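Chemist: only geometry, no sequence info:
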């Protein structure tokens, strides 16, 4: 029998939050001041979770993970991406429209998506899906469906803990028989494309608005 090689005890001198010469093995820490070239710190957080989801899905497809417990972190990371991206969309849309409402709180994905649609209706001037072309209507209906699917509880704890604060199971065995990563992979690619596209569109509109404002203010001094 071969001897099991145990991991070496790490030196207590190792710093978990310090930069290394091997910078590609360190995650950059973004902030509103340090992340301007990226887009925003919200983009950095959302993209970080999305990238981790995609990497883990690839590992599942290559059968690299040793147990079938990988569904919990993968579904949690995608849930976190959805929450962050939708909060970023709401925040950015409100800035564009001049709305100084308070930051959108909560983990309920369906509520956040409802707020996203409320902002989009104002910016794009439509009241319901029937006013949109068929492609846009089908896209919205598909986003509605999968965001509801991912919203297993309004507090967003289903993939983080086995039970709630009262000790009740968070994932019902009848409603959730498996965490289907194979199907999630398809959903991740399409949903992230759609939501990131919405985010990019609002960001470009904000840039254009800022550019026009700067030109107007420059002309006013002439």
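Modeler: Yep, it's here. Being a predicted model, the structure only gives us computed values, none of them experimental. Numbers count the residues shown, from 1 in each chain.

Chemist: helices of this protein, start to end?
Modeler: Taking DSSP state H as the test, the helices found in the chain are 41-61, 71-97, 109-124, 134-150, 181-220.

Chemist: mean neighbour count, those: which tops it?
Modeler: helix 71-97 (a mean of 21; mean count of other Cβ atoms under 10 Å). All C-beta spots, glycine's among them, are computed from the backbone N, C-alpha and C.

Chemist: next one: that one to chain centre, how far?
Modeler: Distance of helix 71-97 from the chain centroid (Cα atoms, centre = their mean, to the nearest Å) equals 4 Å.

Chemist: do stretch 64-82 as well
Modeler: Distance, centroid of stretch 64-82 to centroid of chain: 14 Å (Cα atoms, centre = their mean).

Chemist: can you list contacts of it?
Modeler: 46, 49-50, 52-53, 56-57, 59-60, 109, 112, 147, 150, 156, 158-160, 178-179, 181, 184, 188, 191-192, 195 (Cβ atoms under 8 Å, 6 or more residues apart in numbering).

Chemist: quick check: residue 86 touching residue 118?
Modeler: No: contact criterion Cβ atoms under 8 Å: residue 86 and residue 118 do not qualify, at 11.6 Å.

Chemist: of all residues in this structure, which one is nearest the centre?
Modeler: Of all residues in the chain, the one closest to the mean position by Cα atoms, centre = their mean is residue 81, 2.0 Å from it.

Chemist: ok, for that one, nearest residue in space, not its chain neighbours?
Modeler: Nearest non-adjacent residue to residue 81, counting by Cβ to Cβ, 6 or more residues apart in numbering: residue 49, 4.1 Å away.

Chemist: wait, that neighbour sits on residue 84?
Modeler: Yes: with contact defined as Cβ under 8 Å, residue 49 and residue 84 form a contacting pair (6.5 Å).

Chemist: contact partners for residue 187?
Modeler: Per Cβ under 8 Å, 6+ apart, neighbours of residue 187: residue 146.

Chemist: tell me the pLDDT of residue 176.
Modeler: If you check residue 176, the pLDDT there is 87.

Chemist: list the residues that contact it.
Modeler: Neighbour list for residue 176: residue 152 [criterion: Cβ under 8 Å, 6+ apart].

Chemist: and the helix or strand of the chain with the lowest mean pLDDT with helix 71-97, angle?
Modeler: Least confident helix or strand, the chain: helix 181-220 with a mean of 89, by mean pLDDT, DSSP states H and E. Orientation of helix 181-220 against helix 71-97 (axes from the mean of the first three to the mean of the last three Cα atoms, to 10 degrees) gives an angle of 20 degrees.

Chemist: when you give positions from now on, start the count at 45
Modeler: Sure, I'll start counting at 45 from here, so that last one is helix 225-264.

Chemist: how far off helix 153-168 does helix 225-264 point, in degrees?
Modeler: 40 degrees.

Chemist: what's the angle between helix 225-264 and helix 85-105?
Modeler: Going by the same axes, to 10 degrees, helix 225-264 makes 160 degrees with helix 85-105.

Chemist: give me the angle between helix 225-264 and helix 178-194.
Modeler: Compare the direction of helix 225-264 with that of helix 178-194 by the same axes, to 10 degrees and you get 120 degrees.

Chemist: I figured residue 174 hits residue 181, correct?
Modeler: Yes: the pair residue 174 / residue 181 is scored as a contact, 7.4 Å apart, by Cβ under 8 Å.
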